Each structure stands twice: as structure tokens, then as C-alpha cells.
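> Got a predicted model here, sequence first, then my questions.
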Amino acid sequence: MQANAQTAQVDDLTLIALPTAVNCADLFVRFTLGEWRLRNMTAECSAVACALVEAAVESADPKTSRLITLRLRLTGEYLVVELEAARFTMPPTAPDLRTGELQLAGGVKLIWCELPLPTGVNATAVPLPRREKRRSPAAEALGDEPDVDPELIQRILFGLGGSMGGGGPR
């Protein structure tokens, strides 16, 4: 892993080591890379993530914790796929990918695989996800939001023992 590169973005998903976790991992990768506008890396990243999750599912001991955490991190010039699991056997990966493992506390292993970002792209250049403001269906059914007078809110807060500006009576 890049020791000197800072993580620009990270997202993770905790799964139970069951066969359905592989499909969940694929959906997680597709959603996350879509949010990060790295759709062109989806196939390769999904293949790596699904292989790691499948190996964790196959290695899981039913008598111990079956939780696994799949994490995607953007750092430096890499998209890093990480997996934390109590038991794990590293699956074969492409020879050009940097991989590794670390032993964490509690007998958990951290397995990682670095995928190079497209040429000319680094982690800090990947835009943060933007979410549009949406109202819930229940709020939509109620119609427009009422206008709220900030001075009225200030008086209510003052009456309740505080104020938006702080320092109200106690």
C-alpha cells in the first residue's frame, strides 16, 4: 500500500460470510464507483472485490465471527480494495496487481489489492459524490414546505432556555 498517500475517499460495507455476500459486493462496487465517477473501473474492481469476498466466504469458520468488511479507498494513484475477515486464504490475482495482507488485532486479517487509477487521474482529482436534495414521498404528499420566520424560531428557542446565538437565560 502507498504509505505516503492520503486517503481521499473511502466507503465500506460489512457483510456476513454467506454466498449472497458476493452479489452484495458487486452491487456495492458498482454503486460506489458510480458515485465516484469511476465507472470505467467497475469491471476490474468488481472482479477483484468479488474474488476476495468469495474467498472469505469459502474460508469462513461457522464457529467464529462470520462478519467481513469490504472497503474501497482512493489513495494516491490507486483504488484500493480491502477486505477484513477472521479467516482468509488469498485467491490468485492478476500478476500486475500489488496485493498484501496484514494481521490486525483480534485475529482479523486485512487483505488489500491496489488497482491503478486511469492515466492522469489521482485520488484528489476524483470528485466527491453529489446528492440532490429530495423530499420523501410523505413530504411530497403534504405539498410545499411552509415559510418559517427565523425571528419566530429565535423567540421559541429563547423561551425554551437557549438561543441560536447562544447565551440565552438558563
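Happy to help now that I have it.

> What ranges does this structure have for its helices?
Taking DSSP state H as the criterion, the chain carries its helices at 20-35, 42-59, 137-142, 150-159.

> Any idea which of those helices has the lowest pLDDT on average?
Mean pLDDT is lowest for helix 137-142 among the helices of the chain, at a mean of 70.

> Can you tell me which of the helices of the chain is nearest to L110?
Nearest to L110 among the helices of the chain is helix 42-59 (11.0 Å), distances taken as C-beta to C-beta. Using the backbone N, CA and C atoms, a C-beta is placed for each residue, glycine as well.

> what's in contact with the closest one?
Helix 42-59 has contacts (C-beta atoms under 8 Å, 6 or more residues apart in numbering) with 15, 17-19, 21-22, 25-26, 28-30, 33-34, 38, 68, 70, 72, 79, 81, 83, 85, 87-91, 93, 97, 111, 113, 115.

> Among the residues you listed, which ones are in strands?
Among those, the members found in strands (DSSP state E) are 15, 68, 70, 72, 79, 81, 83, 85, 111, 113, 115.

> Number of residues surrounding the second one?
Applying other C-beta atoms under 10 Å, we find 28 other residues in the vicinity of I68.

> so what's it scoring on pLDDT?
On the pLDDT scale, I68 is placed at 91.

> Relative to R37, how far out is it?
Computed as C-beta to C-beta, to the nearest Å, the I68 to R37 distance reads 27 Å.

> With mean neighbour count added, can I get the helices of the chain in TSV?
Listed next are the helices of the chain as TSV, based on neighbours: other C-beta atoms under 10 Å:
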stretch	mean neighbour count
helix 20-35	18
helix 42-59	20
helix 137-142	9
helix 150-159	11
